[in-house]
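In: Structure here, sequence nowhere to be found:
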């Protein structure tokens, strides 16, 4: 089976976000870049599918040179090869633009299943997966917490998380799924894995290699434009609930919630 | 020129979900600024009688798409029908819920129509006749104000529990029309084989009005019963911090934070949660935050409206008892 994973590199979730002076971007100095956590689940699931039915796992990323680190991590986990689209004209590309780049790469490849994380934990758009599926005209199942691929690799049964329950969805392959946390427990790269990853193929492509016009991507091609970034509103200082004993504190809190906040 | 604001109503098993009314309410406010009409799309099976409810919240018109293949949401069927209706009528704006359904549908729709989508918005306004949206990024560590370019319609999803509901006006009624669409079985490539309901039918964290959440300070999965007792009393949903989920004490679906659910309840009670930055990002838009923690220096107290410094194993049961007396 040909298994593809679309992968993004994002700031570690412990990162304190600071807004740049122009209010259009964040300050990227000293940021620790990691593989997007949901994409780790997508990579892990790809490896499990390969272990079950055989095949090859290809990792596809879009972004600057540093993204090769995240792709190498996926290769060290066990993926077979990587492709990075890196081009200065990509700066400022929106979700749909990234999806167009990914879909262009994918159209040149053989594929049975495509896995993505359900969203990047940076911009939080969560639409690249469904954008790619639409551009390829294949079915999608998003927010998947459990995935079964049939032994012959022809169809899937995916558990999709919805509010208050789960939909069990069946689809024939090829299809695209987006991974939710809980789908699996991503493995750590082993030392031999890390050594092997250094020798695995990682192709770097430019927009010209893909035949994509620079005007279709970047800020000029973006349908969504960031006007301004702002910090969250500061919360007013709270109060510490007084009391001599835990019971007294609890009783005072109950009164505050009921009479001051009027919330219970 | 494209005109009018559309919302895509959301129903489950024939019942309209609260987000549908939040969408109509917000669309009404935006439409009044623009001097335009609010149209609600209602997709389902034998669903027409629910159209009147949308009118009471401010929809001028309801387009009903009635087909047994629309009874339960599927990406293929819903994207096909909404895209057909939108291409025929050319609305200026389409709002959907930032629910599992709305996020899935808006992504597919935006690519099909070749337009932008602003996801999970917490505020909308109109500038020069165009939609402006404010949305959290990095799970709420910052906010982005975004506009659209070359996008007709402008698509956005609204975070549940954020937009104020209009008072339903019993005297208002919407014009109800049957939507014209065609749906071929060959388009429907996925099938919902089974629907598994969560035990107890509890409200999902993303839609909960009250949440009682536990962290490392709970010391073990068995102690969550004290949070469940409080939650049951005040009609809350139980959540958890990432470390608790990583330790396997609670399921992944219970996690609040940057790699879990981002929540906006009216009341968030954090018990034994120190307040890691990725957790705070996921719950800091809660309207009232209570922190119960024995460490007075825990960062969670910086965000809390009410802080109780004390042992949660004493304070939480005492709080449940105190509330029992008054509720």
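Out: Perfect, I can see it now. It should be emphasised that the depicted structure is a prediction, and the values quoted were computed from it without experimental measurement.

In: where's residue A:97, which helix or strand?
Out: Per DSSP states H and E: residue A:97 is located in helix A:95-107.

In: What is the next helix or strand along the chain from that helix packed up against?
Out: Later in the chain than helix A:95-107, the nearest helix or strand by DSSP H and E is strand A:113-117. Counting contacts by 3 or more Cβ pairs under 8 Å, 6 or more residues apart in numbering or on different chains; DSSP states H and E, strand A:113-117 packs against strand A:2-7, helix A:37-53, helix A:128-136, strand A:175-179. For every residue, glycine as well, the C-beta is placed using N, CA and C.

In: domain parsing for the chain?
Out: In the absence of a named chain, chain A is used. Here chain A is described, according to automatic domain parsing, as comprising the domains A:2-221, A:237-264.

In: you looked at the wrong chain, it should be chain B
Out: B:5-187, B:199-326.

In: From the chain's centroid, how far away is the first one?
Out: Going by Cα atoms, centre = their mean, to the nearest Å, the spacing between the C-alpha centre of domain B:5-187 and its chain's C-alpha centre is 13 Å.

In: now the end-to-end length of that domain.
Out: End-to-end distance of domain B:5-187: 27 Å, with Cα to Cα, to the nearest Å as the criterion.

In: for stretch B:156-166, same thing?
Out: 20 Å.

In: swap in stretch A:102-114?
Out: End-to-end distance (Cα to Cα), stretch A:102-114: 11 Å.

In: Identify whichever of the helices and strands packed on strand A:113-117 lies nearest to residue A:243.
Out: helix A:37-53 (40.0 Å; Cβ to Cβ).

In: Next, the angle from that closest one to helix A:128-136.
Out: 60 degrees (axes from the mean of the first three to the mean of the last three Cα atoms, to 10 degrees).

In: Can you name the next helix or strand after helix A:37-53?
Out: Next element after helix A:37-53 (DSSP H and E): strand A:56-62.

In: gap between that following strand and the chain center?
Out: The answer for strand A:56-62 is 13 Å, by Cα atoms, centre = their mean.

In: near chain B at all, whichever helix or strand comes after it?
Out: Using DSSP H and E, the helix or strand that directly follows strand A:56-62 along the chain is helix A:67-77. No: remark: helix A:67-77 sits outside contact range of chain B, by Cβ under 8 Å from any Cβ of the partner chain, the gap being at least 15.8 Å.

In: Name the SS class of residue A:235, please.
Out: What DSSP: H, G, I helix; E, B strand; the rest coil gives for residue A:235 is coil.

In: List the contacts of residue B:298.
Out: Contact partners of residue B:298, counting by Cβ atoms under 8 Å, 6 or more residues apart in numbering or on different chains, are B:273-275, B:291.

In: Please produce CSV containing the residues you listed, extended by neighbour count and distance to chain A.
Out: Below are those laid out as CSV (neighbours: other Cβ atoms under 10 Å in any protein chain shown; distance: Cβ to the nearest Cβ, whole Å):
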residue, neighbour count, distance to chain A
B:273, 32, 15
B:274, 20, 13
B:275, 21, 12
B:291, 28, 8
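
In: and these, which of them are in helices?
Out: Judged by DSSP state H, these include no members of helices.

In: Cross-reference these with the strands and report the matches.
Out: Per DSSP state E, strands hold the following members of the contacts of residue B:298: residue B:291.

In: tell me which residues in the lengthiest strand in chain A are buried?
Out: Longest strand of chain A, by residue count under DSSP E: strand A:140-149. By neighbour count on 16 or more other Cβ atoms under 10 Å in any protein chain shown, the buried set for strand A:140-149 is A:140-147, A:149.

In: wait, residue B:252 sits on residue A:180?
Out: Yes: here residue B:252 reaches residue A:180: they are 7.5 Å apart, a contact under Cβ atoms under 8 Å.

In: So which of these two has more stuff around it?
Out: Using other Cβ atoms under 10 Å in any protein chain shown as the criterion, residue B:252 and residue A:180 rank with residue A:180 on top: 24 against 20.

In: What is the burial count for the closest residue in space to residue A:38 that isn't next to it in sequence?
Out: Using Cβ to Cβ, 6 or more residues apart in numbering or on different chains and skipping the chain neighbours, the partner closest in space to residue A:38 is residue A:117 (2.7 Å). By other Cβ under 10 Å, 29 other residues sit near residue A:117.

In: mind listing what residue A:117 touches?
Out: So residue A:117 contacts A:7-8, A:36-42, A:129, A:178-179 (Cβ under 8 Å, 6+ apart).

In: hang on, the earlier thing: following element in sequence after the longest strand of chain A, please.
Out: Counting by DSSP H and E, what follows strand A:140-149 is strand A:155-162.

In: who does that following strand touch, helix- and strand-wise?
Out: Packing partners of strand A:155-162 (3+ Cβ pairs under 8 Å, 6+ apart): strand A:140-149, strand A:165-172, strand A:175-179, helix B:100-113.

In: out of those, nearest to residue B:16?
Out: helix B:100-113 (12.7 Å).

In: So what touches that closest one?
Out: A:96, A:99, A:126-131, A:133-135, A:140, A:142-143, A:160-163, A:223, B:8, B:10, B:19, B:73, B:75, B:78-79, B:82-83, B:86-87, B:94, B:96, B:116-117, B:119-120, B:153, B:155-157.

In: try 6 Å
Out: A:126-127, A:130-131, A:134-135, A:142-143, A:162, B:10, B:73, B:75, B:78-79, B:82-83, B:96, B:117, B:155, B:157 (Cβ atoms under 6 Å, 6 or more residues apart in numbering or on different chains).

In: What of stretch B:138-146?
Out: If you take Cβ under 6 Å, 6+ apart as the criterion, stretch B:138-146 is touched by A:17, A:224, A:226-230, A:232, B:118, B:133-137, B:258, B:262, B:281-282, B:284.

In: Pull up the distance across it, start to finish.
Out: For stretch B:138-146, the end-to-end distance is 15 Å (Cα to Cα).

In: Let's test this: mean pLDDT of it, rounded?
Out: Average pLDDT, stretch B:138-146: 96.

In: Can you show me the helices along the stretch 201-327 of chain B?
Out: B:225-234, B:242-246, B:277-283, B:300-303, B:312-326 (DSSP state H, counting those that start in this stretch).

In: in the longest one, what counts as buried?
Out: The neighbour-count criterion (16+ other Cβ under 10 Å) identifies B:312-323 as the buried residues of helix B:312-326.

In: same for chain A: which of these are within range?
Out: B:314-315, B:318-319, B:322-323 (Cβ under 6 Å from any Cβ of the partner chain).

In: out of the residues you listed, who's nearest residue A:240?
Out: Nearest to residue A:240, judged by Cβ to Cβ, of those is residue B:315 at 12.7 Å.

In: neighbours around the closest residue to residue B:259 other than its chain neighbours, how many?
Out: Excluding the flanking residues, the one nearest residue B:259 by Cβ to Cβ, 6+ apart is residue A:37, at 4.8 Å. Using other Cβ under 10 Å, residue A:37 has 20 neighbouring residues.

In: Ok, residue B:232 next?
Out: 14.

In: contacting residues for it?
Out: Residue B:232 sits in contact with no residue, where contact means Cβ under 6 Å, 6+ apart.

In: Ok, residue A:14 next?
Out: Contact partners of residue A:14, counting by Cβ under 6 Å, 6+ apart, are residue B:277.

In: go with 8 Å
Out: Counted by Cβ under 8 Å, 6+ apart, residue A:14 has contacts A:32, B:276-278.

In: With residue B:150 instead?
Out: Contact analysis of residue B:150 by Cβ under 8 Å, 6+ apart lists A:223, B:115.

In: What pLDDT does the model give it?
Out: pLDDT recorded at residue B:150 is 95.

In: again, but for the one 3 residues further on
Out: Residue-level confidence at residue B:153 comes out at 98, pLDDT.

In: What helices and strands are in contact with the longest helix belonging to chain B?
Out: In chain B, with assignment by DSSP H, the single longest helix is helix B:18-34. Helix B:18-34 sits against strand B:5-8, strand B:38-44, helix B:51-56, strand B:93-97, strand B:123-127, strand B:154-158, with contacts defined as 3+ Cβ pairs under 8 Å, 6+ apart.
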